[in-house]
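Undergrad: fold the following and give me the result.
(3 chains)
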Amino acid sequence: MGERELIDDVAGEPLGRDFFDRPSEVVAPDLLGRVVVHGSVAVRLSEVEAYGGPGQDPASHTYRGRTPRNAVMFGEPGHLYVYFTYGMHYCANLVCMPAGTGSAVLLRAGEVVAGVHTARIRRMPHADGPGMEGLARRVPDRDLARGPARLTVALGLVREHNGTDCCSGGPIQVHEGRPVPPAQVRTGPRTGVSAGADTPWRFWIDGDPTVSPYRAHVPRHRGRTAR
DNA sequence: GAGCTGATGGTCT
DNA sequence: GACCATCAGCTCG
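TA: This next block holds a predicted model:
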């Protein structure tokens, strides 16, 4: 079975814009078990986080209103919001609610269900050569998309994909996959978020090995320590 | 395995 | 100029 057929087999039909035209905290648990497809790589989501709109959610990029950076979050639902963080990582979100709302769901982790080789090379590009197969194999399958930055790399998403419409038959789509029964969905505080940590808007599949390890927010202290 | 740390640059106040 | 929705690589046990 080729990768295209494999994706069709596990992913099912693409989700329409109506799916995303709902509050992010409603869309988020419904995204678990869904399959994000970009080219030959498909990732089944196991962990997501919901972020609210201006003035509602201090953890959200849109909390202080619209800026050039977060403009995509105020656009149509079903679009991709890709941003750069920590000076070296990209994270991907799916925009929710009607245009102007400013809410989205962060894709935190998932399982690579198709295009494993491609995802592995993206994670370790220097291992794509003769004799380097052993090095590439050092990344366990379950770690390929375990964490928001790793998931973004595995799917091949970059800054240029910011604003991409995932509901118009383009190269990036979200497919129906196999939704997760509510009994298997766990909720808790969001990871690494300093503000709004009391809002239990992190959703993950109970017992799934690809869920990223929880880390509470640790305040950074930089520039003051003697080195 | 857990725990720590350095790397790195865009964004916003 | 402080803050980040992070990760890889290293120690230690």
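Undergrad: alpha carbons only for contacts and neighbour counts from here, please
TA: Noted.
Undergrad: may I ask which helix or strand encompasses A:G110?
TA: A:G110 is part of strand A:103-114 when elements are defined by DSSP states H and E.
Undergrad: so for that strand, mean pLDDT?
TA: The average pLDDT for strand A:103-114 rounds to 94.
Undergrad: next: stretch A:48-55.
TA: For stretch A:48-55, the mean pLDDT works out to 93.
Undergrad: likewise stretch A:162-169?
TA: Averaging pLDDT along stretch A:162-169 yields 95.
Undergrad: from one end of it to the other, what's the distance?
TA: Its first and final residues considered, stretch A:162-169 spans 16 Å by CA to CA, to the nearest Å.
Undergrad: for chain A, where's the lowest mean pLDDT among helices and strands?
TA: helix A:133-136 (a mean of 51; mean pLDDT, DSSP states H and E).
Undergrad: that one: what's the following helix or strand?
TA: Using DSSP H and E, the helix or strand that follows helix A:133-136 in sequence is helix A:148-154.
Undergrad: against which helices or strands is that following helix packed?
TA: With contacts defined as 3 or more CA pairs under 8 Å, 6 or more residues apart in numbering; DSSP states H and E, the secondary structure elements packing on helix A:148-154 are strand A:89-96, strand A:103-114, helix A:116-123.
Undergrad: which of the ones you listed is buried the deepest?
TA: The highest mean neighbour count among these belongs to strand A:103-114 (a mean of 28), with neighbours defined as mean count of other CA atoms under 10 Å.
Undergrad: quick one: distance of it to the chain centre.
TA: Between the mean C-alpha location of strand A:103-114 and the chain-wide mean there is a distance of 3 Å, by CA atoms, centre = their mean, to the nearest Å.
Undergrad: close to DNA strand B: what parts of chain A are there?
TA: Along chain A, the residues adjacent to DNA strand B under the rule CA under 7 Å from any atom of the strand are A:64, A:67-70, A:83-88, A:227.
Undergrad: now those residues in JSON lines, with distance to A:Q184 and secondary structure?
TA: Supplementary listing: those in JSON lines, determined by distance: CA to CA, whole Å; DSSP: H, G, I helix; E, B strand; the rest coil:
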{"residue": "A:R64", "distance to A:Q184": "34", "secondary structure": "coil"}
{"residue": "A:T67", "distance to A:Q184": "37", "secondary structure": "coil"}
{"residue": "A:P68", "distance to A:Q184": "38", "secondary structure": "coil"}
{"residue": "A:R69", "distance to A:Q184": "35", "secondary structure": "coil"}
{"residue": "A:N70", "distance to A:Q184": "32", "secondary structure": "coil"}
{"residue": "A:Y83", "distance to A:Q184": "30", "secondary structure": "strand"}
{"residue": "A:F84", "distance to A:Q184": "32", "secondary structure": "strand"}
{"residue": "A:T85", "distance to A:Q184": "31", "secondary structure": "strand"}
{"residue": "A:Y86", "distance to A:Q184": "32", "secondary structure": "coil"}
{"residue": "A:G87", "distance to A:Q184": "35", "secondary structure": "coil"}
{"residue": "A:M88", "distance to A:Q184": "33", "secondary structure": "coil"}
{"residue": "A:R227", "distance to A:Q184": "47", "secondary structure": "coil"}
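Undergrad: out of those, which are buried?
TA: The neighbour-count test (16 or more other CA atoms under 10 Å) applied to the residues of chain A next to DNA strand B identifies A:70, A:83 as buried.
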